[in-house]
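**Q** after the sequence you'll find the predicted model.
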Amino acid sequence: MTYCVAMRLDRGLVFAADTRTNAGVDNVAQYRKLHFWRQPGDRVIVLLSAGNLAVTQSVVSNLNEALATPELNAPTLFSVPSMYRAARIVGEAVREVRRVDGAALEATKGGFSASFILGGQIGSERPRLYQIYSEGNFIEATDDTPFLQIGEHKYGKPILDRVASPEMRLGEAAKLVLLSFDSTLRSNLSVGMPIDILLYERDSLDVRREKRIEQDDAYFKQLSSSWSDALRGAFRNIDEFKI
């Protein structure tokens, strides 16, 4: 399994994904689940993936093959005029993989499992963020719900529900996203480091802030320790229950 989260802010977008995959406790591997495409000055498109690794890799491969064969004159991530149309392209790629592999996968215990978060900015359009389901349809993040999660999301969701706001600075939102990862890492062994994180600044139309956070990253270790201390302190300061 995996955990991916993204936030849509007034100042831009924040994306993060872990890199652990497993097919049982004795078959754990590391794969990148944060992908991006860019044409500086024109567009930046970021995709997070969760679910069956073979399915999600096939979807990404279909998107890349379309970009590599412009002579086919089919719509691609580099030709569509809006992020909504980009989401349609990804949804169609998911449906194509389901058409080819769906029946065989549905006959197995795991079934056809894939979900995606797509975000970015094309031209002067404001940055947008979508969650794309295994059926190929999707929803869009709003000011009321400025974040989206896929994979093992339940452990990291409570802090996002309490704190997330579109007015946050990118660095502040990245801190919040990493705290949601810290909670998830503590509670679910199927999610693991390193974490890939990307901060997109609105109207920059380029990727300038991207990092892989390893197990020994000093900031993440300090963040995790400080958060644990803060929670213990808050717990001690609340009056105990009496009856």
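**A** Good, I have the coordinates. Just so it is clear, the model here is predicted, and its values are computed rather than measured.

**Q** can you pull the poorly scored residue ranges out of the chain?
**A** Along the chain, the parts satisfying pLDDT under 70 run over 22-28.

**Q** and for the lengthiest helix in the chain, what's in contact with it?
**A** If you go by DSSP state H, the chain has its longest helix at helix 83-106. For helix 83-106, the external contacting residues (Cβ atoms under 8 Å, 6 or more residues apart in numbering) are 45, 47, 52, 54-55, 58-59, 62-63, 66, 75-77, 80, 111-114, 116, 118-122, 125, 127-128, 130, 132, 134-138, 140. Backbone N, C-alpha and C define where each C-beta goes, glycine included.

**Q** could you write me a ChimeraX select line covering just the buried ones among these?
**A** Applying 16 or more other Cβ atoms under 10 Å to these, the buried members can be selected in ChimeraX as follows:
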select :45,47,52,55,58,59,62,63,66,76,77,80,112,114,116,118,119,120,121,122,127,128,130,132,134,136,138,140
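
**Q** which members of the contacts of helix 83-106 are positioned in strands?
**A** Those of those mapping onto strands are 45, 47, 114, 116, 118-122, 128, 130, 132, 138, 140, per DSSP state E.

**Q** wait, which of the residues you listed is closest to S204?
**A** Q121 (8.3 Å; Cβ to Cβ).

**Q** for the residue lying closest to the closest one once chain neighbours are set aside, which residues are in contact?
**A** Nearest-residue entry for Q121: P127, 4.4 Å, with adjacent residues in sequence omitted and distances by Cβ to Cβ, 6 or more residues apart in numbering. P127 makes contact with R8, G12, L13, M83, G119, G120, Q121, Y200, R202, according to Cβ under 8 Å, 6+ apart.

**Q** separation between P127 and V46?
**A** The gap separating P127 from V46 is 10 Å, by Cβ to Cβ, to the nearest Å.

**Q** common neighbours of these two, please.
**A** L13, G119, G120, Y200.

**Q** which one of those is nearest to A164?
**A** Nearest to A164 among the shared contacts of P127 and V46: L13, at 12.9 Å, using Cβ to Cβ.

**Q** the strand or helix carrying that closest one: partners in the sheet, and parallel or antiparallel?
**A** Element membership of L13 [criterion: DSSP states H and E] is strand 12-18. According to DSSP bridges, strand 12-18 has the following sheet partners: strand 3-9 (antiparallel), strand 195-201 (antiparallel).

**Q** chain neighbours aside, what residue packs nearest to M1?
**A** Using Cβ to Cβ, 6+ apart, the closest residue to M1 is S190 (3.9 Å).

**Q** contacting residues for A230?
**A** Per Cβ under 8 Å, 6+ apart, neighbours of A230: none.

**Q** quick one: contacts for F220?
**A** Residues near F220 by Cβ under 8 Å, 6+ apart: L178, D182, I195, I213.

**Q** repeat the analysis, applying 6 Å as the threshold.
**A** Neighbour list for F220: I213 [criterion: Cβ atoms under 6 Å, 6 or more residues apart in numbering].

**Q** that one and T142: what is the separation?
**A** Taken as Cβ to Cβ, the span from F220 to T142 is 29 Å.

**Q** equivalent analysis for V46, please.
**A** Distance from V46 to T142, counting by Cβ to Cβ: 18 Å.

**Q** ok, these two, which is more surrounded?
**A** V46 (25 against 10; other Cβ atoms under 10 Å).

**Q** please look at that one and R38 and confirm they touch.
**A** No: counting by Cβ atoms under 6 Å, V46 does not reach R38; the two are 9.1 Å apart.

**Q** mind listing what's buried in the longest helix of the chain?
**A** 83, 86-95, 97-98, 102, 105.

**Q** having no further points to raise, I will conclude here.
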